[in-house]
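Give me the fold of what follows.
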Amino acid sequence: MLIQNRLSNEKSPYLLQHAYNPVDWYPWGDEAFKKAREENKPIFLSIGYSTCYWCHVMEREVFEQDSMAELMNKFFVNIKVDREERPDVDRVYMSALQAMTGSGGWPMSMFLTPELKPFYGATYVPPTSKYGMPGFDDLIIQIDNAWKTRRQDIENSGNEIIDHIRKATANVKTTSELTDEPLKKGFEQCLSMFDDEVAGFGNAPRFPRPVMFNFLLRAYKRYNEENALNMTAKVLYVMSKGGIHDHLGGGFHRYSVDKFWVVPHFEKMLYDQAQLVISYLETYQITNEKFFASIAEDILYYVSNKLTAKDGGVSSQLSRGGFYSAEDAESALDASNMKDKEEGTFYVWEMPEIEKLLGEDRAGIFNFFYGIGERGNAPAGSDPHNVFENKNILYEANSLSITANKYEISTDKVFDIIRESRKILFEAREKRPHPHLDDKVLTSWNGLMISAYAKAYRILHKTEYLERAVEASEFILNNLYDRDKRILLHRYRDGEAKIEGGLQDYAFFVQSLIDLYESVFEIRYLETAIELNKLMIEYFYDNEDGGFWDTSGNDESILLRTKEDYDSAEPTGNSIAVMNLLRLSQFTDNKDLYDKAYKSLQLFSEKISSHPYSMPQMLCALDFALQKPKQIIAAGKKDDNETLDMLNEIYRYYIPNKILIQAEPGVENPVIPFLSQIIHASIDKATVYICENYTCQLPVYDVEELRKQLTAPVKAEITK
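Numbers count the residues shown, from 1 in each chain. Alright, predicted model coming up:
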């Protein structure tokens, strides 16, 4: 009979996955810390997340084994942490792991003193020695022995690691004036690292990293640098053709294990979907190529279909409107045995299965287009024996025109056959056991997705996108923002809102409220953004040196307050917080907000200058700070057709450094004070004012003249 451990009382899907392990797991908290101190035992800290493939492997191989659990329970106090639920805990120990080993990842396996100081760390550890790695069985015996015989050495090591992290994460304060040199250097670094043959940056594995596209498109806009646009467009195009893109259900997997974007690591993360929507939409704005818009819509379809809480089960009703966090990489082989799972099972195909579903003629065309083989497929130049053992990943191996030429039919006919075939295979795939869905709602990631839907509404003019953005915003405001206690919470699941929000929660959600205001022009969204931004400054801003702490400092179990500056798969809280300060300073004509942003950029300026490639989203904020952003004001009745025509014309163009305001003549705006100097009650037709530093050009009354002002040429140059 299976016996539950303490994790059965938690809400985290990841912790609940371990609720029946024989390991005597504790959640992160005082109960575990007290036990470690009283029993004088080290802590084994295991950090992961519910859709992490290697976390599942280590659970099966180690944590589900009675003999291993017996030793763990004897030697250690064992703590499980969901990194997505507690990014503050993860951040400290990931920094420690990287300091110890030079790399990191999940599952994270850390050994701590009872005072929570790390002294040994690893990622996945096999049960017995293999892959040149020590086995977990030997490792824990060695650590127990060291704890009993070399205790002082371990204590010293823990202190040294914490001191090292503190020094390594410190920033050098400067009062030097900001320049655009880091922008130029950042572009040159991107250019030097770009793989033009395949389209991507660096070597495999390859992550999408949308923050890079954000910067490159701004470099294109600022310097009229075609290479910046071409790199972005080419990577987005090749990614969409590859196996990292789910050609049946939409959306993108987390990364590609090869440099060709073909063989994915199959988990799907909400934060990737949100950021890639914006990358494809902004590239569409610049190029006017509908292909990029279609991929954005494909991602939004996936999110609406799979990651959006709708009426259905109890959990979805409780979180209606919110966005779920992720889908797993692995799933069961068949419904009769849900215990045995493999990575990619839900997504890959055998050739006979496709032929049976599509029929011989249609399958021939489909298989050629998607590179389907009898023994499985693999990217060009790689081992032809696919890791999925005679199974195929869908990726566009041949174009529509090549396929049409081979089968001597029109490209339109090929397109129709491929579209119909995808629908048939999608419906068949839906009958398979589905990957695990992590249905917790995170404020930070929801903020990113709200921004994506809000921008999609502006650019693609589909009201359902605005409805999604509004529903999710209202969910966060109603369930995760406690106005009385002046706190934004981080996680909601199964009726429970919990965990104090960190910098990313405030920054990402404030950004989304600004984006939502610029889509629907309801002043309460801008007012709430200003309100939460004030709290963000109060809780996280460093008044002495500038920049934002990642945590409030209220939780004493978090040994270090860091100011994260590396924009990885997600942007850092600092990058977005600084941009929010700059945008809100423009809305409110508040110089103090601008000064705080400028001071923060100065704090990070040394790292921005020396390693701009690592901070592309911060480069976007630097770009905004150095330019004269446009204040674009559309005056007129919000629902009037002429006003809508003007707004839609504005939405057509990629103008990253701007704020957009809609003003009703005769209606006072309490948070945008300068409007009263510009908008008069006597205005009787739709009028647009394009201003810089609140000095406006002549008012515009028709779309054609507006187009001329919006498309004025860029004068800056990438070279000195």
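
Please tell me I have it right and A335 contacts H434.
No. Judged on CB atoms under 8 Å, A335 makes no contact with H434 at a distance of 10.1 Å. (Each C-beta comes from the backbone N, C-alpha and C, glycine too.)

So if I had to pick from the two, which one is more boxed in?
Using other CB atoms under 10 Å, the more surrounded residue of A335 and H434 is H434, with 14 against 9.

For stretch 215-225, the averaged confidence score.
Averaged over stretch 215-225, pLDDT sits at 96.

Am I right that A397 sits in a strand?
No. Membership of A397 in a strand is not supported by DSSP: H, G, I helix; E, B strand; the rest coil, which gives coil.

how far away is the nearest residue to it once chain neighbours are set aside from S399?
Nearest-residue entry for A397: G371, 2.8 Å, with adjacent residues in sequence omitted and distances by CB to CB, 6 or more residues apart in numbering. Computed as CB to CB, to the nearest Å, the G371 to S399 distance reads 12 Å.

out of those two, which sits in the more crowded spot?
The residue with more neighbours, out of G371 and S399, is G371; 20 against 13, by other CB under 10 Å.

Could you pull up phi and psi at that one?
phi 70, psi 30 (degrees, to the nearest 10).

So for it, what's the pLDDT?
Looking at G371, its pLDDT stands at 93.

ditto for P571
Per the predicted model, pLDDT is 97 at P571.

what ranges do the helices span in the stretch 551-700 of the chain?
Listed in chain order, the helices of the stretch 551-700 of the chain (DSSP state H, counting those that start in this stretch) span 573-588, 591-610, 616-626, 641-651.

actually the stretch 351-500 of the chain, not the one I wrote
Going by DSSP H, counting those that start in this stretch, the stretch 351-500 of the chain shows helices at 351-358, 360-369, 400-407, 411-429, 443-460, 463-479.

Out of those, which gets nearest to P107?
With respect to P107, and counting by CB to CB, the nearest of the helices of the stretch 351-500 of the chain is helix 443-460 at 20.5 Å.

Please identify the buried residues of the closest one?
By neighbour count with 16 or more other CB atoms under 10 Å, helix 443-460 contains the buried residues 443-459.

returning to that earlier point: output the helices of the stretch 551-700 of the chain as CSV; include the columns distance to E160.
Output for the helices of the stretch 551-700 of the chain, formatted as CSV (distance: least, CB to CB, whole Å):
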stretch, distance to E160
helix 573-588, 27
helix 591-610, 23
helix 616-626, 30
helix 641-651, 54
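
any chance of these in TSV, with mean neighbour count too?
Rendered in TSV, the data for the helices of the stretch 551-700 of the chain read as follows (neighbours: other CB atoms under 10 Å):
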stretch	mean neighbour count
helix 573-588	26
helix 591-610	19
helix 616-626	25
helix 641-651	18
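
contacting residues for S557?
Applying CB atoms under 8 Å, 6 or more residues apart in numbering to S557 gives the contacts W28, G29, D30, F33, V89, L116.

Now the two most distant members of the residues you listed.
D30 and V89 (13.8 Å).

Which one's more surrounded, those two?
Neighbour count, other CB under 10 Å: between D30 and V89, V89 has more, with 22 against 10.

Now whichever helix or strand the more buried one is part of: buried residues?
Assessed by DSSP states H and E, V89 sits inside helix 87-101. By neighbour count with 16+ other CB under 10 Å, helix 87-101 contains the buried residues 87-97, 99-100.

same check, this time on stretch 528-541
So for stretch 528-541, counting by 16+ other CB under 10 Å, buried means T528, A529, I530, E531, L532, N533, L535, M536, I537, Y539, F540, Y541.

now swap in stretch 175-193 and tell me
Taking 16+ other CB under 10 Å as the criterion, stretch 175-193 shows L178, D180, P182, L183, K184, K185, G186, F187, Q189, C190, L191 as buried.

and the last one, what element?
Element membership for L191, per DSSP H and E: helix 181-193.

so that helix versus helix 591-610, what angle?
Interaxial angle, helix 181-193 versus helix 591-610 (axes from the mean of the first three to the mean of the last three CA atoms, to 10 degrees): 40 degrees.

Tell me the first helix or strand C-terminal of the helix or strand bottoming out on mean pLDDT in the chain.
Ranked by mean pLDDT, DSSP states H and E, the weakest helix or strand in the chain is helix 314-318, scoring a mean of 70. Downstream of helix 314-318, the next assigned helix or strand under DSSP H and E is strand 326-327.

Partner strands of the helix or strand just after that following strand, with direction?
Tracing the chain C-terminally past strand 326-327 and defining elements by DSSP H and E, one meets strand 330-334 next. With DSSP bridges as the test, strand 330-334 is paired with strand 337-343 (antiparallel).

Keeping just the C-alphas, turn the strand it pairs with into CSV.
Extracted in CSV, the C-alpha atoms of strand 337-343 (Å, rounded to 0.1, in the frame of the first residue of the first chain):
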residue,chain,number,x,y,z
ASN,A,337,-0.6,1.6,-18.8
MET,A,338,-0.3,5.3,-17.7
LYS,A,339,2.7,4.6,-15.5
ASP,A,340,5.2,3.8,-18.3
LYS,A,341,6.1,7.0,-20.1
GLU,A,342,8.5,8.1,-22.7
GLU,A,343,9.6,11.5,-24.1
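
going forward, begin numbering at 33 instead of 1
Will do, 33 is the new start, and the previous item becomes strand 369-375.

what does that strand contact?
Y85, H88, H297, F298, A361, E362, S363, A364, L365, P465.

Now that strand: buried residues?
K373, E375.

pLDDT averaged over that strand - what is it?
pLDDT averaged over strand 369-375 gives 78.

quick check, distance from it to the centre of its chain.
27 Å (CA atoms, centre = their mean, to the nearest Å).

would TSV of the contacts of strand 369-375 with distance to G283 be doable?
Below are those laid out as TSV (distance: CB to CB, whole Å):
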residue	distance to G283
Y85	17
H88	21
H297	14
F298	11
A361	13
E362	17
S363	16
A364	21
L365	23
P465	19
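
which of these count as buried?
Buried by 16+ other CB under 10 Å: Y85, H88, H297, F298, A361, E362, S363, A364, P465, out of these.

right, and the third one touches Y287 too?
Yes. When contacts are counted by CB under 8 Å, H297 is listed as touching Y287 (5.3 Å).

Dump the C-alpha coordinates for stretch 711-730 into PDB.
Presented in PDB, the C-alpha positions along stretch 711-730 are these (Å, rounded to 0.1, in the frame of the first residue of the first chain):
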ATOM      1  CA  ILE A 711      -6.800  67.900 -26.200                       C
ATOM      2  CA  HIS A 712      -9.700  70.400 -26.200                       C
ATOM      3  CA  ALA A 713     -13.400  69.800 -25.800                       C
ATOM      4  CA  SER A 714     -14.000  71.600 -29.100                       C
ATOM      5  CA  ILE A 715     -12.300  68.800 -31.200                       C
ATOM      6  CA  ASP A 716     -15.100  67.400 -33.300                       C
ATOM      7  CA  LYS A 717     -13.300  64.800 -35.500                       C
ATOM      8  CA  ALA A 718     -10.700  62.100 -35.000                       C
ATOM      9  CA  THR A 719      -7.300  63.700 -34.600                       C
ATOM     10  CA  VAL A 720      -3.900  62.300 -33.900                       C
ATOM     11  CA  TYR A 721      -1.000  64.200 -32.300                       C
ATOM     12  CA  ILE A 722       2.500  62.800 -32.600                       C
ATOM     13  CA  CYS A 723       4.700  64.300 -29.900                       C
ATOM     14  CA  GLU A 724       8.300  64.100 -28.500                       C
ATOM     15  CA  ASN A 725       9.000  65.500 -25.100                       C
ATOM     16  CA  TYR A 726       5.400  66.600 -25.100                       C
ATOM     17  CA  THR A 727       6.000  68.900 -28.000                       C
ATOM     18  CA  CYS A 728       3.700  68.000 -30.800                       C
ATOM     19  CA  GLN A 729       3.700  68.100 -34.500                       C
ATOM     20  CA  LEU A 730       0.700  69.600 -36.300                       C
END
